[in-house]
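Q: with the sequence up front, the predicted model follows.
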Amino acid sequence: MLILKKSVASLLLAGLALLATGTAMADDWHGNDWRPDMQREWREGMPWRFEQHHWQPEQHPYYSHAMTDLRIARDLLSRPDQPRVEQGERRAVEAINQALHAMHDAAIDDGKDPFQRMPPDAQYRPDDRFHQARRLLDKARQDASHEEDDPYLRGLQHYIIGQIAVAQHAVNDAINEALR
């Protein structure tokens, strides 16, 4: 019985020594020798530090521009006036709403004001709302496709781009239906 207690005690001490070694290694990585390039060197299982986040919300106005373009495109498509294209318009508006909802969440996560209005990026003529909407969606997709430096928002960015693509396809379908 005494031998068993000594074995358990030695195993416990060995485990604590391993734990202390692992903590010391993590502390070394977190110590004063931290370099900005460690953000790129980070791998799964390594400790993550807030200092590794080098993005600044003010430096990335792309989502704000994209949200403005999407809102205008939604407004252009939200007035069905031809029964043949109503379904395409409805699908496009639904996809735009999904993208705007996701961008709203991303803006909040990034410390931005999701209700900020920016001037639209796309230049368009006032005579054809479908082509205007398509240009706005193209510009919104371009703005949303800028490199996302927050690793936690990259999946959301892919979702947003996918929803904009769905809206683009729906607008193209509506244009094709209108031209028949």
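A: Thanks, I have the structure now.
Q: what's the neighbour count on Ile108?
A: 11 (other C-beta atoms under 10 Å). Glycine gets a C-beta too; all of them are placed from N, C-alpha and C.
Q: only C-alpha atoms, please: export stretch 161-176 in PDB.
A: Coordinates of each C-alpha in stretch 161-176 appear next as PDB, following Å, rounded to 0.1, in the frame of the first residue of the first chain:
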ATOM      1  CA  ILE A 161     -19.900  37.000 -50.500                       C
ATOM      2  CA  GLY A 162     -22.000  33.900 -51.200                       C
ATOM      3  CA  GLN A 163     -25.200  35.800 -50.400                       C
ATOM      4  CA  ILE A 164     -24.200  38.600 -52.700                       C
ATOM      5  CA  ALA A 165     -23.500  36.100 -55.500                       C
ATOM      6  CA  VAL A 166     -27.000  34.600 -55.000                       C
ATOM      7  CA  ALA A 167     -28.400  38.100 -55.300                       C
ATOM      8  CA  GLN A 168     -26.300  38.700 -58.500                       C
ATOM      9  CA  HIS A 169     -27.700  35.500 -60.100                       C
ATOM     10  CA  ALA A 170     -31.200  36.400 -59.100                       C
ATOM     11  CA  VAL A 171     -30.800  39.900 -60.700                       C
ATOM     12  CA  ASN A 172     -29.400  38.300 -63.800                       C
ATOM     13  CA  ASP A 173     -32.300  36.000 -64.000                       C
ATOM     14  CA  ALA A 174     -34.700  38.900 -63.600                       C
ATOM     15  CA  ILE A 175     -32.900  40.800 -66.400                       C
ATOM     16  CA  ASN A 176     -33.100  37.800 -68.700                       C
END
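Q: end-to-end on stretch 78-94?
A: 10 Å (C-alpha to C-alpha, to the nearest Å).
Q: in it, what counts as buried?
A: By 16 or more other C-beta atoms under 10 Å, the buried positions in stretch 78-94 come out as Val85, Gly88, Glu89, Arg91, Ala92, Val93.
Q: can you list contacts of that stretch?
A: Stretch 78-94 is contacted by residues 73-74, 77, 130, 133, 166-167, 170-171, 173-175, 177-178, 180 when judged by C-beta atoms under 8 Å, 6 or more residues apart in numbering.
Q: output the lowest mean pLDDT helix or strand found in this structure.
A: When the helices and strands of the chain are scored by mean pLDDT, DSSP states H and E, helix 38-41 comes last with a mean of 54.
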